[in-house]
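1. give me coordinates for this.
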Amino acid sequence: MKEKKEKKTDKIIASALLIFILILVTLVYSNHFNNPFQFDDSHTIENNIYIKSLKNIPLFFKDASTTSSLPSNQTYRPMVSVTLALDYALGKGLNPFYFHLSMFFWYLLQLVLMFFMFIKILNTFSPHKWNKYIVLFTVAWYGFHTVNAETLNYVISRSDSLSTFCVVASMFLYITLPKMRKWLLYLIPAIIGMFVKEQAAMFAPILFVYIYIFENKMSLFDIFKKAHLNKLGNSIWRSIPAFIVCGALGILVIKMQPESFTPGGVSPFHYFITQPWVYLRYFISFFLPLNLSADTDWKAFQNIFDERVIVGFGFIILLIYVAFKTSKEQQLKPISFGILWYLLALLPTSSIIPLSEVTNDHRMFFPFVGLAFGVVSALRLVIIKNEKRLISKNHLKIIVIILSLSILGANAYGVRQRNKIWHSAESLWYDVSIKSPTNGRGLMNYGLSQMRIGNYEVALDYFNKAFVYLPYYAYLQINLGVVKNAMGNKTEAEAHYRKGIELGSTYNETYYFYAEFLFNQGRISEALVNAEQSLKLSHAHLPTRHLLLNIYLKNNQGDKLNKLVQETLQIYPDDSFTKSFQNFKPGQTYNEIEAAEIRAKENKTPENYLNLSLIYYNNQLYEKCIDACNEAIALRPDYPEAYNNICSAYNSLGQWDKAIEACKKGLELKPDYTLCRNNLNYAYSQINKK
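-> Alright, predicted model coming up:
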């Protein structure tokens, strides 16, 4: 009776501590929930028309064309698109909070499943009264680990986090519910995971390893012994459903990948000889998560005799040796299992399949589940061997507690700092430019962040730095065109746009940005050709559809306009911009002002009124510009762009005091709004002239 009470008390304590850990992890990540979309989020989420309506969910499973607005980046991961569409619906738009919230929910649930899975393994195969505390520390270390912030801050990398969750869930079901195995229910999460990311296929070999070394009580050395072939066969037989399901779905996913998809990697051989060094880098990062970068500048090794290649392969051999040795004894098997999980989880990204990035920090999310278990299992043995000393000597207890809290505290601090770095495009890409100084894409993206806030000289400088490393990169040419255009050099801008198309003739965005440039220059027929080519290359690119609506309207092509409106609203029924074109009559001619007025009247959104205010301003109708801005503010009180337009209009009217008042309100809402600050400074300068 007393023993039962003690076990019940232990369970209550363990559950309370687990809940406490989950609360602390949530607090550590509290400064990440409003971080913006970054990097590939632009083409998979922001500009992707298909994730903006739940009606498109069946299309996600049809092919890969709905996963991204960039054909070269379209991969068959339908369940990722499903979750993005759900988050978009939940947040009623592109609200990053809801996208981060859903990712974090599954992260917390993964930690819970990890706890029960690992405690079951230890209590079954290596029982000890301290197991629950050992596993709690394992879960806490993984939960607070700084590296995981690179995945949880990057919305589209949910392909890593959710596929990892699915593998953990399948392992949890298999290990903790043995009576349900005959129904194969444990395969359900793995099946879902295969539609999230191909790495979920590693569930099959991980399951085999678990069955072989734990349930059949074999060591890895026994694989080569004829006397134990029956146990090997039994392990294969029991894991064969997982291999069949993961293998079949793996073939399906490969077949569903479109021809337009390009991994972008170097030769398989050069990629392969680099990966052992990457394995070592990831391993070190588990203990010292320093110098993390959203986009590294690592390059594939070109020489097999490079000392890093030799060291890397030596490290892999050492890990495999340790996995073999630790699989021989029951107490050491958790170490072997953790190492093998780490090695297997990295195979999809760190083998002979060349990817565009040699290493990526969000790839550590999956392997670190096993590595955390293996490392802490090794520490567990040290603690158990010194159990009597720890019990009798208080100073040793204090040392262990301080070391444990230091590991967790340092990682938690690292997470908070990485969350801050991911807080804006400017801070993220500045960090990349410092840590990965030869990464041309990182330099370009930092320049892009500066261009967006009006720092054109700085942007141009970073684009030129990027050009040293990426002289044939189409997107760099496009960004050079954008910044030269903003600086008033139309001739050079157009040359860059054309070069961008030459280098990236299969990239829809090269045509889109050139079409936008041409449209703003009044070269409507040329803009039409390029915009239609952009849409032909990518039907998912929403900005192209919006641009074409304006071009068709300007060109009085009512039939094409109405057809595009219907097609777009069929994919994205709530698109307010497209809705504003519904009431234009084919064959009837509208000037720019009339068209904008109709759109604002028929679809009263702050964006439509802001657009109307710009058109009024460009036509020197400053009073009407102010009225349109006030309509926008009535719909959205915290609209800094509307206050900036009011300021510009009052500046044009010479009413400096009212201009200053409007600009100050705009800057209160958006302190880093460069254009608004420039308008404010202009108003002050005019007052000082009096």
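2. touching, Pro258 and Thr66? I think so.
-> No - applying Cβ atoms under 8 Å, one finds Pro258 not in contact with Thr66, separated by 10.9 Å. The C-beta positions use only the backbone N, C-alpha and C, and glycine is treated the same way.
3. which of those two has more neighbours?
-> Thr66 (25 against 15; other Cβ atoms under 10 Å).
4. check contacts around the more buried one.
-> Asn48, Tyr50, Ile51, Asn56, Leu59, Phe60, Ser81, Ala540 (Cβ atoms under 8 Å, 6 or more residues apart in numbering).
5. where does the first one land on pLDDT?
-> I take that to be Asn48. Listed pLDDT for Asn48 reads 96.
6. same question, the third one
-> Note for Ile51: predicted pLDDT of 96.
7. just checking, what's the longest helix in this structure?
-> helix 96-125 (DSSP state H).
8. in PDB, list the C-alpha atoms belonging to the helix or strand just after that helix.
-> Where DSSP states H and E defines the elements, the next helix or strand beyond helix 96-125 is helix 131-144. Coordinates of each C-alpha in helix 131-144 appear next as PDB, following Å, rounded to 0.1, in the frame of the first residue of the first chain:
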ATOM      1  CA  ASN A 131      14.600   8.000 -14.200                       C
ATOM      2  CA  LYS A 132      11.700  10.600 -14.200                       C
ATOM      3  CA  TYR A 133      14.100  13.400 -13.200                       C
ATOM      4  CA  ILE A 134      16.600  12.300 -15.900                       C
ATOM      5  CA  VAL A 135      13.900  12.400 -18.500                       C
ATOM      6  CA  LEU A 136      12.500  15.700 -17.300                       C
ATOM      7  CA  PHE A 137      16.000  17.200 -17.700                       C
ATOM      8  CA  THR A 138      16.200  15.600 -21.200                       C
ATOM      9  CA  VAL A 139      12.900  17.200 -22.200                       C
ATOM     10  CA  ALA A 140      13.800  20.500 -20.600                       C
ATOM     11  CA  TRP A 141      17.200  20.600 -22.400                       C
ATOM     12  CA  TYR A 142      15.600  19.900 -25.700                       C
ATOM     13  CA  GLY A 143      12.700  22.300 -25.000                       C
ATOM     14  CA  PHE A 144      15.000  25.200 -24.100                       C
END
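9. starting at the chain centroid, how far to helix 131-144?
-> 26 Å (Cα atoms, centre = their mean, to the nearest Å).
10. which helices and strands sit right next to that helix?
-> helix 2-28, helix 96-125, helix 367-385, helix 394-421 (3 or more Cβ pairs under 8 Å, 6 or more residues apart in numbering; DSSP states H and E).
11. after it, which helix or strand is next?
-> Next along from helix 131-144, by DSSP H and E: helix 149-152.
12. elements contacting that following helix?
-> Contacts defined by 3+ Cβ pairs under 8 Å, 6+ apart place helix 149-152 against helix 96-125, helix 158-176, helix 394-421.
13. average pLDDT across it?
-> pLDDT averaged over helix 149-152 gives 98.
14. give me the contacts around it.
-> So helix 149-152 is contacted by 29, 32, 100, 103-104, 107, 157, 160-161, 292, 294, 361-362, 364-365, 414-415, 418-419, 422 (Cβ under 8 Å, 6+ apart).
15. same check on stretch 129-140?
-> Counting by Cβ under 8 Å, 6+ apart, 10, 13-14, 17-18, 21, 24-25, 111, 114-115, 118-119, 122-123, 128, 372-373, 376-377, 379-380, 383-384, 387, 404, 408 sit against stretch 129-140.
16. now the strand or helix carrying Thr578: how far from the chain's centre is it?
-> Using DSSP H and E, Thr578 sits in helix 576-579. Mean C-alpha position of helix 576-579 versus that of the full chain (Cα atoms, centre = their mean) differs by 28 Å.
17. counting contacts, what elements does it pack onto?
-> Short answer (3+ Cβ pairs under 8 Å, 6+ apart): helix 576-579 packs on helix 542-554, helix 558-571, helix 606-618.
18. give me the buried positions along that helix.
-> Phe577, Thr578, Lys579 (16 or more other Cβ atoms under 10 Å).
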